[in-house]
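K.L.:
fold the stuff below for me.
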Amino acid sequence: GSPWRLLKDPNTYQPNYASQFWCTTDPVAYFDVNGILYYVLMAYQADRVTGSKTCEDICPTGALNDWAFNRAVQIVAKSTNGGDSFDTFTPVLEGTFPVAFHDKAWLAASADGTIHIMWVASLAGGNIYCRSTDGGQTFLCDEILSLDPIGGGPGAGQGSFLEVGTGADVYATWTNGGGIAFRHSLDTGDTWQTGRIIQDMNSGTMPGLESRDRRGGFPALGSDRNPDSPYADSLYVTWQDGCQADTWSDGCDSNGSAQWVITSHDKGETWSTPIRLSIPNDDEWNIFPTVSVSPGGVVDVSWMSSIGARRLPCSPTATPDCADTYGAEYPALTQHYTYSLDGGATWSQVVDVRDANDNGWDPSLCHHQNGMVFIGDYNDIDSSWQAAHPVWPDTRLGACDVYTATIQRPMFANGWDAGKRVTAEAWIAAHPL
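P.N.:
As a prediction, this is how the structure comes out:
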C-alpha cells in the first residue's frame, strides 16, 4: 500500500540480459514468504531484419514480428529490496517460433528459496517446468508437466499457474480442452504425481471487439502459504464459465459467463463442489478471474465484469468486428471483488472496486502493439495482511493504463489460534499500510 514510484533517473538503468531484445511481454511478479521478489518476463525479437517494429505508439496492423518471433526467452529477475534493484536477470530457456516459442510463464518460489517456473512451449512438447536451487543463478528444465509419464494424463494448454505450500509441496494447473489440469509435487519439484483433470469447464468466452481481443481467460490458482493459518496448505482455483445457474453442471450454458471457485483442504487430493462467485445475470459477462490468499488465510478473488457497466456505440473504424458481434453497442467493463474468511465455503458480497464515475472503462481504447484492440489475457491480485491488491487495465483518463486498488477487509480468516493471532497482530502493528 505504500506510494508507487517511477524510476525515471537514467542513472538507475543497468544493461541486463533482456536489453538485447526489442520487445518484452507477459510479466509476472511474485513475492515469496521471505520477502524476496521474483519477476519473470518473456523477451522476444532480437533482430530488426526479421520485422522488429520501429514505429511509435500504435503500430500498423499485421507487422511482421507479430508472428515472426525469431527468438524468444523466459527471463527471471530477482530482487532482495522490494524491486528497487535486481540482483540477477537469468535466461531460463530460449527458442524460436513455432518450434519452441515460450509463451505466458508463471512463477512461484518455495520457502527454502527454490524457484519454480512454467510455461507452454508450442511444438516443443507442452507445459515446460524449470526450477532453480541456487537462488536463480541457473535453471534446470527437465520436466514437461503436460506429458504424463504413466500415460493418460492431461495434455498441454495455455494458462500455466504455479503455487507452493508451506513446505515442499508445489502445485501446477493449466487448461486442457474443456478442463482444468492439475499436478502436485511433494519434493519441491524434483518429482511429480500423475496429472489429472480436477474440474470440467463450460465455454464462457466473451466476444472481443477484434480477432486479437481474446477474452477467454485462464483458471487461476492460489494457495495458503502461512503455516500458522487455520487453512494452511489449502488450494483455491477460480475460472470463468458459461454456466450462470445456482449449481454448476456440465453442459450448463447461458448468454454470458460467471465466475466459479473450487477449494481443496488436503493438498489437491479432493476438491469441493463448485461455488458461483459472480451475480447471475443473463447477457452479462464476468471474465479474467484471479485469486490470492493473505497471510491471515483470507481468500481474495477479483475479475472483470460487464454488470453495471455502460454500453458504448460500435465504431467501424475503432472496433471493426463490433457490429457483427454486439450489434449497435458493446459493454464497457468494471472490476469486481469478493473474499472468503472460511476457506472458500462462503463469500462476501460482490463489490465494484473502481472509484471512477464513468460507469465502466472502454476496452476499445486498449491496443496490442500491432494496433488491434486487445485488453490482455489475464489479471492478477495479491494479498497483504490488511488488504487485497487487484490489478487491471483502465481507460478513465482516455488511454489504457494499469490501475490497482487497496481493498481493506478483515485481516484474519476464521479459526485462528489465539496465541498465534497475538503474535501476528504485533507484526502487523509494526508494518501498517
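
K.L.:
switch to C-alpha atoms for all contacts and neighbour counts from now on
P.N.:
Fine.

K.L.:
for residue 143, grab phi and psi.
P.N.:
phi -140, psi 130 (degrees, to the nearest 10).

K.L.:
what residues does it make contact with?
P.N.:
For residue 143, the contacting residues are 128-130, taking Cα atoms under 8 Å, 6 or more residues apart in numbering as the criterion.

K.L.:
at 6 Å what do you get?
P.N.:
Contact analysis of residue 143 by Cα atoms under 6 Å, 6 or more residues apart in numbering lists residue 129.

K.L.:
could we number from 544 for the rest of this?
P.N.:
Got it, the first residue is 544 from now on, which makes the last one we talked about residue 686.

K.L.:
distance check, it against residue 764.
P.N.:
Applying Cα to Cα, to the nearest Å, the value for residue 686 to residue 764 is 20 Å.

K.L.:
how far does stretch 931-949 sit from its chain's centre?
P.N.:
How far stretch 931-949 lies from its chain's middle: 15 Å, per Cα atoms, centre = their mean, to the nearest Å.

K.L.:
next: stretch 559-579.
P.N.:
Centroid displacement of stretch 559-579 relative to its chain, using Cα atoms, centre = their mean, is 14 Å.

K.L.:
what pLDDT, on average, does that stretch get?
P.N.:
The average of the pLDDT scores along stretch 559-579 is 86.

K.L.:
try stretch 909-917
P.N.:
Across stretch 909-917, the per-residue pLDDT values average to 84.

K.L.:
straight-line length of it, end to end?
P.N.:
End-to-end for stretch 909-917, by Cα to Cα: 6 Å.

K.L.:
could you spell out the sheet neighbours of the helix or strand residue 882 falls within, each with its direction?
P.N.:
Assessed by DSSP states H and E, residue 882 sits inside strand 877-883. Strand 877-883 sits in its sheet next to strand 842-848 (antiparallel), strand 894-895 (antiparallel), going by DSSP bridges.

K.L.:
how far does the shortest one sit from its chain's centre?
P.N.:
So that's strand 894-895. With Cα atoms, centre = their mean, you get 20 Å for strand 894-895.

K.L.:
next SSE after that strand?
P.N.:
Moving toward the C-terminus from strand 894-895, the first helix or strand encountered (DSSP H and E) is strand 923-926.

K.L.:
contacts made by the helix or strand following that next one with the rest, please.
P.N.:
Next helix or strand after strand 923-926 toward the C-terminus (DSSP H and E): strand 930-937. The set of residues external to strand 930-937 that reach it, using Cα under 6 Å, 6+ apart, is 904, 922-926, 943-952.

K.L.:
so strand 930-937 versus strand 877-883, what angle?
P.N.:
Per axes from the mean of the first three to the mean of the last three Cα atoms, to 10 degrees, the angle that strand 930-937 makes with strand 877-883 is 160 degrees.

K.L.:
quick one, what contacts residue 747?
P.N.:
In this structure, residue 747 makes contact with 784-785, 800, judged by Cα under 6 Å, 6+ apart.

K.L.:
which one of these is nearest residue 742?
P.N.:
The closest of those to residue 742 turns out to be residue 784 (Cα to Cα; 11.2 Å).

K.L.:
am I right that residue 562 is in a helix?
P.N.:
Yes - the assignment for residue 562 (DSSP: H, G, I helix; E, B strand; the rest coil) places it in a helix.

K.L.:
and it, how many residues sit next to it?
P.N.:
By other Cα atoms under 10 Å, the residues close to residue 562 number 12.

K.L.:
if I look at it, how far off is residue 900?
P.N.:
Counting by Cα to Cα, the gap from residue 562 to residue 900 is 40 Å.

K.L.:
how about residue 930?
P.N.:
Counting by Cα to Cα, the gap from residue 930 to residue 900 is 23 Å.

K.L.:
of these two, who's got more company?
P.N.:
For residue 930 against residue 900, the residue with the higher neighbour count under other Cα under 10 Å is residue 930, and the figures read 20 against 8.

K.L.:
bridging residues for that one?
P.N.:
Counting by DSSP bridges, residue 930 forms beta bridges with residue 951.
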